[in-house]
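[1] The amino acid sequence is not available; the structure is as follows:
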C-alpha cells in the first residue's frame, strides 16, 4: 500500500545537518499523520527567509502576551499544540503508521531530501526500524517517465507537510489515470520485426 508523504526541513548546506520541521503522511486507505518537531533549531529556521515566508505561516504559533519584553519578530512555535511533538515521539508515531501499512511503499514529490529526513528520525539509514522501506519512490520521476503530463495544481496549504502529502496522493491518482491510458496502448502494439 502506498504512503504519500512530505517533510518540511531546514537545509543549510554541507556544514549543517538536514533537520526535520514537520512531516505529513497519507496512506492509500485514508489514514493520516501530521507532526511538527518541537526540537528544530529556531535560530537556523528563522535565518532562512524561504522557511519564514513559506513554512512558518502553516505552523501553530503563539504570540507573546502584551507587555512581554521579547524581541521575537515572528512569535514562537506553540509547543502546547497537539501536533507539536519531540522528535523521538514523532519517530515512534511514524514507525507505528508505516508498520500498520501492509507492504508499505513510500512516495514523495522530489523525494530525495524527504527520504534523508525520514531516515534521520532514527539515526542513519542503517538504523531504520523493521518495516520502514529503505527508499522512497519519486512522483516527479514517475511523471517524467509518463511524459510529464499536466498534474492538478495544489489549491491550498502549499508547504504544509500534511497538505503537501495529501496533494501527493492527488498527483499519484492523476498519474495512475495517465498510466492506465498509456500502458494498454503500449501492450497492444506489435513487437518490431
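    Good, I have the coordinates. As the structure is a prediction and not an experimental result, all values here were calculated from the model.
[2] can you pull out the helices in the chain?
    Ranges of helices in the chain, per DSSP state H, are 42-46, 49-54, 87-99, 112-119, 139-145, 161-188.
[3] which one of those is the most hemmed in?
    The highest average neighbour count among these, using mean count of other C-beta atoms under 10 Å, belongs to helix 112-119 at a mean of 20. Heads up, the C-betas are built off the backbone N, CA and C, glycines and all.
[4] who's in contact with residue 39?
    With contact taken as C-beta atoms under 8 Å, 6 or more residues apart in numbering, residue 39 is in contact with 86-87.
[5] What's the per-residue pLDDT of it here?
    The predicted local distance difference test score for residue 39 is 95.
[6] one step back: please name whichever of the helices of the chain is nearest to residue 23.
    Distances from residue 23 to each of those were compared using C-beta to C-beta; the shortest belongs to helix 161-188, at 5.3 Å.
[7] Quick one: neighbours of residue 155, just the number.
    As a burial measure, the neighbour count of residue 155 was computed by other C-beta atoms under 10 Å and equals 9.
[8] Please report how far it lies from residue 164.
    12 Å (C-beta to C-beta, to the nearest Å).
[9] And residue 115, by the same measure?
    According to C-beta to C-beta, residue 115 and residue 164 sit 15 Å apart.
[10] rewinding a little: can you lay out the helices of the chain as TSV showing distance to residue 30 and mean pLDDT?
    What follows is the helices of the chain, written out as TSV (distance: least, C-beta to C-beta, whole Å; pLDDT from 0 to 100):
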stretch	distance to residue 30	mean pLDDT
helix 42-46	31	93
helix 49-54	27	96
helix 87-99	12	98
helix 112-119	21	96
helix 139-145	19	97
helix 161-188	9	89
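[11] For residue 4, give me its contacts.
    Under the criterion of C-beta under 8 Å, 6+ apart, the contact partners of residue 4 comprise 25-27, 107-108, 139, 165-166, 168-169, 172.
[12] Which pLDDT value goes with it?
    Residue 4 is assigned a predicted lDDT (pLDDT) of 98.
[13] same deal with residue 34?
    For residue 34, the pLDDT comes out at 98.
[14] and it, what does it touch?
    Residues counted as contacts of residue 34 (C-beta under 8 Å, 6+ apart) are 22-25, 83, 161-162.
[15] Filter the residues you listed down to just the ones in strands.
    With strands taken from DSSP state E, the overlap with the contacts of residue 34 comprises 22-25.
[16] Which of those sits closest to residue 53?
    Using C-beta to C-beta, residue 22 is the member of the ones in strands among the contacts of residue 34 that sits closest to residue 53, with 15.6 Å.
[17] beta partners of the closest one?
    Residue 22 has the following beta-bridge partners by DSSP bridges: residue 8, residue 36.
[18] The one 10 residues further on now?
    When bridges are taken as DSSP bridges, the partners of residue 32 come out as residue 26.
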